[in-house]
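Student: What follows is a predicted structure for the sequence shown.
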Amino acid sequence: MAKVTIDGKELEVPDGITVLQACELAGKEIPRFCYHERLSVAGNCRMCLVEVSPGPPKPAASCALPVGDGMKVKTSSPMVKKAREGVMEFLLINHPLDCPICDQGGECDLQDQSMAYGVGESRFRENKRAVPDKNIGPLVKTQMTRCIQCTRCVRFITEVAGVEELGATGRGENMEITTYVEKALSSELSANIVDLCPVGALTSKPYAFNARPWELSRTESVDAMDAIGSNIRIDSRGREVMRVLPLQNDEINEEWISDKTRYACDGLRRQRLDTPYVRRAGKLEPASWDEAFAAIKQRVNVIDGKKIAAIAGDQADCESMVALKDLMIKLGSTNIDCRQDGALIDTKSRSGYIFNTTIAGIEESDVCLLIGTNPRLEAPVLNSRLRKSWMTTGLKVGMIGMGYDLTYPYEQLGAGPQTLQEINQGKNSFRKYLDNAEKPMLVLGQGALVREDAFAVLHLAREIADQTGMVTENWNGFNVLHTAAARVGGLDVGFVPSNPNMSVSDVVAGAEMVYLLAADEISMGQLSSSFVIYQGHHGDAGAHVADVILPGAAYTEKSATFVNTEGRVQRGTKAVFPPGNAREDWTIIRALSDHLGHCLSYDSVGALRERMIEINDIFSMPNQIIPSRWGSFGADTGVSAKPFLNPIVNFYMTDPISRASETMANCTRDILGTEDKTGTDG
């Protein structure tokens, strides 16, 4: 620990930190533009100048200066004040007076700091520099004349996103931030540079000129576009979601979110279901809630309960799955499943279907084996953690599956389960890295589980974990990476068939009535002879084949519980109301149960959550990681020779919301170069 004196106050700070960090520990605010705690130090804006002694008789950049024992720092001396005024005057020399029309207005670091540290007027009278705007894709709008060359965007794209597509050309006054060759940024995390930009040079293209920050209501919630459970802030105006921004959570998403999480929200305004429908004479017609429930009751009364099935979709919340499961039990059916992609996941032990290492725990690992997964598309935020670990600790990565660009180097070991067998038998060279690692881990993706031999793959992966010391008292390196926000929650509440060997196809086979809870990814051809009830929020594939449609709420329109891939229970918060006559999902099921004469015992969300805790006490501990007991799962059966395939074809369109999004359609066209709207191989 080093002893430093900051503005006359002496304190001890950890060795190796910078003067800027020490000042923050002392409660002193230091202005900055280029410095960011998650990026490398650039030291090129000079706004963080302080006076240091002993040292040269001039201000020093506190972001790049390590603390020294006995150092004395002044953060508000006349020298510092004059230096900051000079820096601000230089920064504003070429900056246009765009504040009235700039989307950064009200949230601009340059605005705030020029008010706090500037002199109020400029002495510059020469012609201002102008820089042509760049087209870097459908997500980020550029106004490069405003750029102050802080290089935050360049460092993020290079260091965090791992796609070296932004940089600086020219020198001095001719320096410009550009993509070199004009092209759309290809990173799934690219729009985070909008949050990082301290001026109005990079703003949100889909959100441009739509609202001012002071017009918006802010709601803290949880993302449901993938299984990571990123913490987000939903900004709304009236009944409309205007934008989605990241909330900082160092244990999950740090302060990043994927482009789909950020921009698919415009799909919430398109193709919405806002009233019940009933199919009459082969045509769907609007109906009242009573008419829709009556049509369902009429069919339920003539169908054997064992011939009824229910499938939960990828964005279903835990409350609605518990309510639907209880209703199905009352109707005499155990034909339920939350694995609509056909994944065979053994639920005997919770440790066999969650990300036991935890997302933050990735940074502790030294060797990682990826099995049938492309984390860059399945979980971009988690993939950035793997890259971060590779950059900071030299994480060794091996891949079994198709070759992908993961933004960090890896060793391609093979394509299918045979390679897994070789590692298990010690015949693959990568086995020595696992054996010698202090904290090895493996990541089993859905590409390895959406197969007939999934139980055998699970068994092989579990044996590798046991043999290589992946599971110890303080470490569990066995991980399953899910792609659906509803998946772990569905497994936790038991929304699976009573026969563990049944897949979703087996569940709906022979069913005379199928209840689709926002399930749009199953093969709808299987339902041609069934009476289909679709409860969801978009007119997607499930609604097209439905006989009765019950309009539900999207994740932004309900207070709901989700469990992320690491088994962390999180609660989302309602930001806006559902459109028209749509209702929260569990309330629809509760009302339907009343009409069917099988009334569920709870009539409030609090009572329903008590029921969830009764099923699994994990729901009594939100926002916590509860280590799962290492148990037995999988089956020692034969494996197929087929290679592991990627379950995601188009990252930008994987669910009803993103498929309805105009922004995601633009990304599909401009970044992927295709008009295909299919997001999964299902």
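Tutor: Good, I have the coordinates.
Student: Where do the strands of the stretch 301-450 of the chain begin and end?
Tutor: 308-312, 335-337, 367-371, 396-400, 411-414, 440-444 (DSSP state E, counting those that start in this stretch).
Student: nearest to residue 143, of those strands?
Tutor: strand 396-400 (38.6 Å; Cβ to Cβ). (Each C-beta comes from the backbone N, C-alpha and C, glycine too.)
Student: Sheet partners, orientation included, of the closest one?
Tutor: Strand pairing for strand 396-400, using DSSP bridges, gives strand 367-371 (parallel), strand 411-414 (parallel).
Student: Now render those strands as a markdown table, adding mean pLDDT and mean neighbour count.
Tutor: Listed next are the strands paired with strand 396-400 as a markdown table, based on pLDDT from 0 to 100; neighbours: other Cβ atoms under 10 Å:
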| stretch | mean pLDDT | mean neighbour count |
| --- | --- | --- |
| strand 367-371 | 97 | 27 |
| strand 411-414 | 95 | 16 |
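Student: what's the pLDDT at residue 677?
Tutor: Note on residue 677: pLDDT of 48.
Student: didn't residue 508 look like it was pressed against residue 530?
Tutor: Yes - the criterion here is Cβ atoms under 8 Å, and residue 508 meets it with residue 530 at 7.1 Å.
Student: what is in contact with the two at once?
Tutor: 309, 514 (Cβ atoms under 8 Å, 6 or more residues apart in numbering).
Student: Span of stretch 69-78 from start to end?
Tutor: 24 Å (Cα to Cα, to the nearest Å).
Student: What of stretch 642-657?
Tutor: End to end - Cα to Cα - stretch 642-657 spans 32 Å.
Student: I'd like the average pLDDT over it.
Tutor: For stretch 642-657, mean pLDDT is 93.
Student: cool, stretch 495-502 as well?
Tutor: For stretch 495-502, the mean pLDDT works out to 90.
Student: distance between the ends of that stretch?
Tutor: OK, stretch 495-502 end separation, Cα to Cα: 13 Å.
Student: thinking again about what came up before, out of the strands paired with strand 396-400, which comes closest to residue 591?
Tutor: That would be, of the strands paired with strand 396-400 and by Cβ to Cβ, strand 367-371, which comes in at 43.7 Å.
Student: contact partners of the closest one?
Tutor: By Cβ under 8 Å, 6+ apart, the residues outside strand 367-371 that reach it are 362, 386, 389, 395-401, 410, 420, 423, 430, 433-434, 437, 439-445, 448, 457, 461, 464, 644.
Student: From the residues you listed, list just the buried residues.
Tutor: The neighbour count (16 or more other Cβ atoms under 10 Å) marks 362, 386, 389, 395-401, 410, 420, 423, 430, 433-434, 437, 439-445, 448, 457, 461, 464, 644 as buried among the contacts of strand 367-371.
Student: Look at residue 40 and tell me its secondary structure.
Tutor: Of the three states, residue 40 takes coil under DSSP: H, G, I helix; E, B strand; the rest coil.
Student: residues near it, how many?
Tutor: The number of residues packed near residue 40 is 12, by other Cβ atoms under 10 Å.
Student: per-residue confidence for it?
Tutor: The model's pLDDT for residue 40 equals 95.
Student: pLDDT value on the closest residue to residue 554 other than its chain neighbours, please?
Tutor: Once flanking residues are discounted, residue 554 sits nearest to residue 537: 4.5 Å by Cβ to Cβ, 6 or more residues apart in numbering. Residue 537 carries a pLDDT value of 97.
Student: ditto for residue 548
Tutor: 98.
Student: which residues sit in contact with it?
Tutor: Applying Cβ under 8 Å, 6+ apart to residue 548 gives the contacts 276-279, 292, 295-296, 532-534.
Student: quick one: which of the residues you listed is most hemmed in?
Tutor: residue 534 (29 neighbours).
Student: With adjacent residues omitted, what lies nearest to it?
Tutor: Using Cβ to Cβ, 6+ apart, the closest residue to residue 534 is residue 546 (3.6 Å).
Student: Near residue 426, how many other residues are there?
Tutor: Residue 426, neighbours per other Cβ under 10 Å, totals 12.
Student: That one and residue 625, how far apart?
Tutor: 32 Å (Cβ to Cβ, to the nearest Å).
Student: With residue 393 instead?
Tutor: Distance, residue 393 to residue 625, by Cβ to Cβ: 21 Å.
Student: out of the two, which sits in the busier spot?
Tutor: residue 625 (18 against 12).
Student: need the contact list for that one.
Tutor: Residue 625 neighbours (Cβ under 8 Å, 6+ apart): 251, 358, 566-568.
Student: Identify the farthest-apart pair in those residues.
Tutor: Within these, 251 and 567 form the most distant pair, 12.3 Å apart (Cβ to Cβ).
Student: between those two, which one's more packed in?
Tutor: Shown here are residue 251 and residue 567; by other Cβ under 10 Å, residue 567 has more neighbours (23 against 14).
Student: helix, strand or coil for the more buried one?
Tutor: Under three-state DSSP, residue 567 falls in the coil class.
Student: ok, it touching residue 351?
Tutor: No - shown here, residue 567 and residue 351 do not form a contact pair, counting by Cβ under 8 Å, at 9.0 Å.
Student: Which neighbours do these two have in common?
Tutor: Shared contacts of residue 567 and residue 351 (Cβ under 8 Å, 6+ apart): residue 628.
Student: Can you give the distance of stretch 235-253 from its chain's centre?
Tutor: 11 Å (Cα atoms, centre = their mean, to the nearest Å).
Student: now the end-to-end length of that stretch.
Tutor: End to end - Cα to Cα - stretch 235-253 spans 19 Å.
Student: next one: stretch 148-161
Tutor: End-to-end distance of stretch 148-161 (Cα to Cα): 22 Å.
Student: Then stretch 217-237?
Tutor: End-to-end distance for stretch 217-237: 6 Å, by Cα to Cα.
Student: before we move on, what about stretch 638-646?
Tutor: 21 Å.
Student: Kindly report the same for stretch 3-12.
Tutor: The first-to-last residue distance of stretch 3-12 comes to 5 Å (Cα to Cα).
Student: What lies in contact with it?
Tutor: 1-2, 13, 19, 22-23, 25-26, 28, 67-76.
Student: make it 10 Å
Tutor: Residues from elsewhere that reach stretch 3-12, judged by Cβ atoms under 10 Å, 6 or more residues apart in numbering: 1-2, 13, 17, 19, 22-28, 50, 52-53, 67-77.
Student: Out of those, name the ones that lie in helices.
Tutor: In this view, the contacts of stretch 3-12 that belong to helices under DSSP state H are 19, 22-25.
Student: Drop anything exposed from those residues.
Tutor: Buried among the ones in helices among the contacts of stretch 3-12 (16+ other Cβ under 10 Å): 19, 22-24.
Student: For residue 188, state which of those residues is nearest.
Tutor: Out of those, the member with the shortest distance to residue 188 (by Cβ to Cβ) is residue 24, at 31.4 Å.
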